[in-house]
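Engineer: structure of the sequence below:
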Amino acid sequence: MKQALRFFLVLSFFFSGANAQRVRIDTEAGSLVLELYADKAPGTVANFLRYVDDKRYDGATFYRVVRMDNQATSPVKIEVIQGGLGTDSTRMFPPIAQETTQKTGLKHLDGTLSMARGLPNSGASEFFICINAQPELDFGGKRNPDGQGFAAFGRVVEGMEIVRRIQQGETGQPGPTNAYSNPLQLLKKPVRILRINRIH
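Structural biologist: Now for the predicted structure:
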């Protein structure tokens, strides 16, 4: 009986993430390891890995951080850091269909990796990482008026202290407000992404 239970636990561990795709993000502030949920959000993960494999994120930045003190005009508060290609549309692939949390069953929890977007089905290169649970980013949440939420597709498994350090960076840059940036939330010194690589 004990042997059968031990075998079951090992098998469960194997299928619950031991063989999941992981990537490493090396930044000027330190390194993160992310686990991607290809079984639940296959389209979003494939899109992210396309950028990774094509080295399009190498030299990109974490450029936006959202804290309680820099979103005074927003009725629904969130806490995230956002990275990607920013305004460099020449390096972006076409937008992808949105895999909502209603479809995937995922939630925006502490450390969740998700796709940034404006309109539905407009996500492409920009991504964010949650600090603390952010249910208003799930399907039906109020952060985006359309109620579709955002496409969660992974989580940080190592390096949340780096995420929190980046979030505390000094903000306030001149520039337009759009789906990907708010001048009050733009880092004065964006954190450079040195490289993103698959690690297994």
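Engineer: wait, a strand at residue 153?
Structural biologist: Yes - according to DSSP: H, G, I helix; E, B strand; the rest coil, residue 153 belongs to a strand.
Engineer: which residues of this structure score low on pLDDT?
Structural biologist: 1-19, 174-181 (pLDDT under 70).
Engineer: all strands for it, in order.
Structural biologist: Along the chain, the stretches classed as strands by DSSP state E are 22-27, 30-36, 61-66, 80-84, 112-115, 127-130, 151-158, 186-198.
Engineer: between the last one and strand 80-84, how many degrees?
Structural biologist: Just to be clear, that refers to strand 186-198. Per axes from the mean of the first three to the mean of the last three Cα atoms, to 10 degrees, the angle that strand 186-198 makes with strand 80-84 is 70 degrees.
Engineer: if we can go back for a sec, wait, which of the strands of the chain is closest to residue 106?
Structural biologist: Evaluated over these, closeness to residue 106 peaks at strand 151-158, with 4.0 Å, by Cβ to Cβ. Every residue, glycine included, has its C-beta placed from N, CA and C.
Engineer: pull the number of nearby residues for the nearest residue in space to residue 29 that is not next to it in sequence.
Structural biologist: Counting by Cβ to Cβ, 6 or more residues apart in numbering, residue 29 lies nearest to residue 191, which is 5.1 Å off, once chain neighbours are set aside. Neighbour count for residue 191, taken as other Cβ atoms under 10 Å: 20.
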